[in-house]
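Visitor: I need the structure of the sequence given here:
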Amino acid sequence: MTGDDCAQRGFTLLEILVALVVLGFLIVGLAEGVSLGVHAWSSQERLVNGHADMDATEGVLRRLVATADPGNGQANDSAPLHGSAHTLAFITRLPISAAGLVTRNAEIGLGVDARHRFVLRWSLRPHAERLTPPPPPEQTVVLEGVDHVDFSYLRPPDQGGDWVDTWTLRTLPQLVRITVAFTGDDHRHWPTIEAAPMLSHPRKSRQR
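Guide: Residues are numbered from 1 along each chain as shown. You can find the predicted model right below:
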C-alpha cells in the first residue's frame, strides 16, 4: 500500500480511540502535576505566612513584657503584675502613634478565649480620675487555633530563684515564660518565649 493510499484511507476507529486514550492519560498527568504544584505552593505560602505571624507576635509580646510598669514597690501598692498559669495581666506602655514615639500607659490582659484564640485585651489608663464608668477594653486577636497558653515566672534570687506558675509579689519577675500549645489539627510549633521585664521605670517616652 502506497503513501497515497494511506492518506486516502484515513484513520480507523481503533486508531482514533487509541489516540484519544493516550491524549487522556497525558491530560490527566498534566492536571495532577499542576494540582500538586499549586498545593505545594499554597502549603509553602501558608507556612511562611504562619512563621511571619508568629515572629511578629513574639516581638510584640517581648516588647509588652519589657515595658511592664514595675510599680513603686510600696507595701500598700497592688502587685504590678498578676499572673496565673494561663492568664497574665499587667500595666505597660502601648504606642499610640504610627512611629511609636508617643506612648500611653495601658492595662492589658493575655489569655485564650472559648474560640481557641490567643487574645490581648487592653484599655488606656486615664490621665486624671475618671468620673464616668470606663469603656469596655479593646480586644486584639494575637493567634488563631490555640488550645492554651502556659505562663510561668522566675522569682528573684532572694525569693528562691525558681520558676512558679502564679505571681502575686509586689515586684516584677526576673523573666516571664510563655508557651503556646496549638489545637490538635494545627501543626504549627512555636518555641517557648522568655521575656525579661526592665525591672525599673524605662526612660519616659513623649506622652500625649
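
Visitor: check whether Ser152 sits in a helix, strand or coil.
Guide: strand (DSSP: H, G, I helix; E, B strand; the rest coil).

Visitor: for it, give me its contacts.
Guide: By Cβ atoms under 8 Å, 6 or more residues apart in numbering, the contact set of Ser152 is 85, 163-165, 176-177, 179. Yep, even glycine has a C-beta here, placed from its N, CA and C like the rest.

Visitor: spell out for me the ChimeraX command that would select the buried members of those.
Guide: Only the buried entries of these go into this ChimeraX selection, using 16 or more other Cβ atoms under 10 Å:
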select :164,176,177
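
Visitor: what's the closest of the contacts of Ser152 to Thr140?
Guide: Taking Cβ to Cβ as the measure, Thr140 lies nearest Val176 of these, at 18.8 Å.

Visitor: now do the host helix or strand of that closest one: which elements does it pack against?
Guide: According to DSSP states H and E, Val176 maps onto strand 175-182. Judged by 3 or more Cβ pairs under 8 Å, 6 or more residues apart in numbering; DSSP states H and E, strand 175-182 is in contact with strand 146-154, strand 193-195.

Visitor: partner strands of the last one, with direction?
Guide: Sheet pairing here is set by DSSP bridges, and for strand 193-195 it gives strand 175-182 (antiparallel).

Visitor: would you list the helices and strands packed on strand 175-182 in TSV and tack on distance to Val60 and mean pLDDT?
Guide: Shown next, in TSV, are these (distance: least, Cβ to Cβ, whole Å; pLDDT from 0 to 100):
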stretch	distance to Val60	mean pLDDT
strand 146-154	14	95
strand 193-195	10	93
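
Visitor: can you list the contacts of Ser152 in CSV and add distance to Arg188 and pLDDT?
Guide: Output for these, formatted as CSV (distance: Cβ to Cβ, whole Å; pLDDT from 0 to 100):
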residue, distance to Arg188, pLDDT
Ala85, 22, 97
Trp163, 25, 96
Val164, 28, 96
Asp165, 24, 95
Val176, 21, 96
Arg177, 19, 96
Thr179, 13, 95
